[in-house]
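Participant: Provided below for reference: sequence and predicted model.
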Amino acid sequence: MQERYVYVVDKNVYINLTNRCTNRCEFCVRYYDKPVYGDLWIKSEPSADDVIKILESEYDLSQYGEVVFCGFGEPTYRFDAIEKICDYVHAKGGKTRINTNGQANEILGEDITSRIVKCIDKINISLNATDAVKYDKICHSVYGERAFDIMLDFAKKCVQAGGNVALSVVDVIGEDEIAKAKEIAESVGAKLRVRELL
């Protein structure tokens, strides 16, 4: 079976760089019995050049809205590849977005916020809950309850560096929690995105 490094959803091109993730979110599509977007599990991680070759040969980026870094894993594990792919996308006049758990600085052991805002046009960070205990209960991060503050710190630093940042929650958490999430997003200077649970 051919590896799915690149796929299309809603007229956007998605890039699937890794299976690795620091969270094990209870609602994540990777744990569904029937994967929503087909089988995105990959046996080997593609290089930036592998992805660029696919984009060059199979996709006219002018026909799509955004190139989105989002697969079955946390894309920032592959941040060096992301930067190189973004250079290609922007050279072709495309726009970029990343869907991330916001734990990149902890994962990589360095602050990448000044770099990510230069290569990613929209940074979508999964907020998922309104406090550390609720976050850990839902997301089961390897960082435990610290993950919530790690994520918010990343969001705040991205905003301070000039990034276009949105925090996201799923629509099933209820109106009160959505209102709290909006306050949290505003406190770090980000927008709130309420997404539909698939």
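Facilitator: Cool, the structure landed.
Participant: so what's the spatially most central residue of the chain closest to, chain neighbours aside?
Facilitator: Centroid-nearest residue in the chain, with Cα atoms, centre = their mean: Asn99, separated by 1.7 Å. Computed as Cβ to Cβ, 6 or more residues apart in numbering, the closest residue to Asn99 that is not its neighbour in sequence is Cys70, at 3.9 Å. In short, each C-beta sits where N, CA and C put it, glycine included.
Participant: ok, that neighbour - contacts?
Facilitator: 14-16, 97-99 (Cβ atoms under 8 Å, 6 or more residues apart in numbering).
Participant: for the chain, which spans come out with low pLDDT?
Facilitator: Low-confidence segments of the chain, defined by pLDDT under 70: 1-2, 30-38, 197-198.
Participant: count the residues that sit near Asp10.
Facilitator: 9 (other Cβ atoms under 10 Å).
Participant: ok, and the closest non-adjacent residue to it?
Facilitator: Per Cβ to Cβ, 6+ apart, closest to Asp10 is Gly65, 7.8 Å.
Participant: from Ala190, how far off is the one you found?
Facilitator: 21 Å (Cβ to Cβ, to the nearest Å).
Participant: pick out whichever of these two has more residues nearby.
Facilitator: Ala190 (24 against 13).
Participant: helices and strands around the longest helix along the chain, which ones?
Facilitator: When the chain is scanned for its longest helix (criterion: DSSP state H), the result is helix 146-160. Counting contacts by 3 or more Cβ pairs under 8 Å, 6 or more residues apart in numbering; DSSP states H and E, helix 146-160 is packed against helix 104-108, helix 113-119, strand 122-126, helix 132-139, strand 165-170.
Participant: run the angle between that helix and helix 132-139 for me.
Facilitator: Using axes from the mean of the first three to the mean of the last three Cα atoms, to 10 degrees, the direction of helix 146-160 lies 100 degrees away from that of helix 132-139.
Participant: what's next to helix 146-160, contact-wise?
Facilitator: With Cβ under 8 Å, 6+ apart as the test, helix 146-160 has contacts from 22-23, 101-106, 111, 113, 116-117, 123, 125-127, 129, 131-132, 135-136, 139, 141, 143, 165, 167, 184, 188-190.
Participant: can I get the buried part of the residues you listed as one ChimeraX selection?
Facilitator: Of these, the buried ones can be selected in ChimeraX as follows, counting by 16 or more other Cβ atoms under 10 Å:
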select :22,23,101,102,103,104,105,106,113,116,117,123,125,126,127,129,132,135,136,139,141,143,165,167,184,188,190
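Participant: contacting residues around Pro46?
Facilitator: 3, 5, 17, 81.
Participant: restrict the longest helix of the chain to CA atoms and write it as CSV.
Facilitator: Taking C-alpha atoms only, helix 146-160 is exported to CSV below (Å, rounded to 0.1, in the frame of the first residue of the first chain):
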residue,chain,number,x,y,z
ARG,A,146,2.1,20.6,32.5
ALA,A,147,1.1,20.2,28.9
PHE,A,148,-1.7,22.8,29.3
ASP,A,149,0.7,25.6,30.3
ILE,A,150,3.3,24.4,27.8
MET,A,151,0.6,24.8,25.0
LEU,A,152,-0.6,28.2,26.3
ASP,A,153,2.9,29.6,26.6
PHE,A,154,3.6,28.5,23.0
ALA,A,155,0.4,30.2,21.8
LYS,A,156,1.3,33.4,23.6
LYS,A,157,4.9,33.5,22.3
CYS,A,158,3.6,32.9,18.7
VAL,A,159,1.2,35.8,19.1
GLN,A,160,4.0,38.0,20.5
